[in-house]
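Visitor: I'll drop the sequence and a predicted model, then ask my questions.
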Amino acid sequence: MGNWNMQTALAVELPELDPVLDKHRKRLDPARGRGMMAHVTVLYPFIDTEDLTDAAIDAIAMIAARTRAFDTSFTEVRWFGEDIAWLAPSPAGPFVALTTEVVERFPLHQPYDGAFGDIVPHATIGHRGTPTDLDTAVHQIERGLPIPASARDLSLLAREPLTDQWRPLRRCALGDAP
């Protein structure tokens, strides 16, 4: 992992969303510019790499293996306030259950540092740009809904401090067990 301490995140990457979202995310979502494909965040921030142990990585792999891989569909656009547009997955429950299990195992790491009360699974469309930019993206994206997707892996991602780019550290396959 190198000598640089890196911030990490756990996410379910969803490449099926990129054909519809990517051109909008390039303009409206800074995470896209940092190399993050379309995804639903499971836990951010997670353990910094200097504190990331083999036991923690093994625990993530075990949680993933115990979580049944699932299909979902992104059926509607929703908003956080007036400046963050996102896609809602249906069903959302498997994402909530995955986040809940990770937080139970790593209670010192709360989603978004505990800034929000509820776990709201979402795939970000954008949160920068003018309201007109966001509205235009939303109207174009809505024409392509629903978007089916498959949750097959839980990815541990790290943000390189020098390049500010996200890169995968480990992808853990979701399993077939309940």
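Guide: Here it is on my side, so go on.
Visitor: When you work out contacts or count neighbours from here on, use the C-alpha atoms and nothing else.
Guide: Noted.
Visitor: most centrally placed residue in the chain?
Guide: By C-alpha atoms, centre = their mean, the mean C-alpha position of the chain lies nearest to T41, the distance being 2.4 Å.
Visitor: OK, contacts around it?
Guide: Listed by C-alpha atoms under 8 Å, 6 or more residues apart in numbering, the contact partners of T41 are 9-12, 121-123.
Visitor: how about 10 Å then?
Guide: 9-13, 95, 99, 111-112, 120-124, 154-155 (C-alpha atoms under 10 Å, 6 or more residues apart in numbering).
Visitor: Could you list the buried residues of the lengthiest strand in the chain?
Guide: Taking DSSP state E as the criterion, the chain has its longest strand at strand 70-80. By neighbour count on 16 or more other C-alpha atoms under 10 Å, the buried set for strand 70-80 is 70, 72-78.
Visitor: Which of the contacts of T41 sits closest to L162?
Guide: Proximity of the contacts of T41 to L162 (C-alpha to C-alpha) peaks at A9, which lies at 17.2 Å.
Visitor: show me where this structure has helices.
Guide: 18-28, 30-33, 54-66, 93-105, 131-142 (DSSP state H).
Visitor: which one of those lies closest to S150?
Guide: S150 sits nearest to helix 93-105 of all the helices of the chain, at 11.5 Å, using C-alpha to C-alpha.
Visitor: Which strands or helices does the closest one pack on?
Guide: Contacts defined by 3 or more C-alpha pairs under 10 Å, 6 or more residues apart in numbering; DSSP states H and E place helix 93-105 against strand 7-13, strand 39-43, helix 54-66, strand 70-80.
Visitor: who's in contact with the nearest residue to V20 once chain neighbours are set aside?
Guide: Nearest non-adjacent residue to V20, counting by C-alpha to C-alpha, 6 or more residues apart in numbering: I141, 6.5 Å away. Neighbour list for I141: 20-21, 24, 76-77, 87, 125, 135, 147 [criterion: C-alpha under 10 Å, 6+ apart].
Visitor: Pull up the per-residue confidence for I141.
Guide: pLDDT recorded at I141 is 97.
Visitor: Done for today, thanks.
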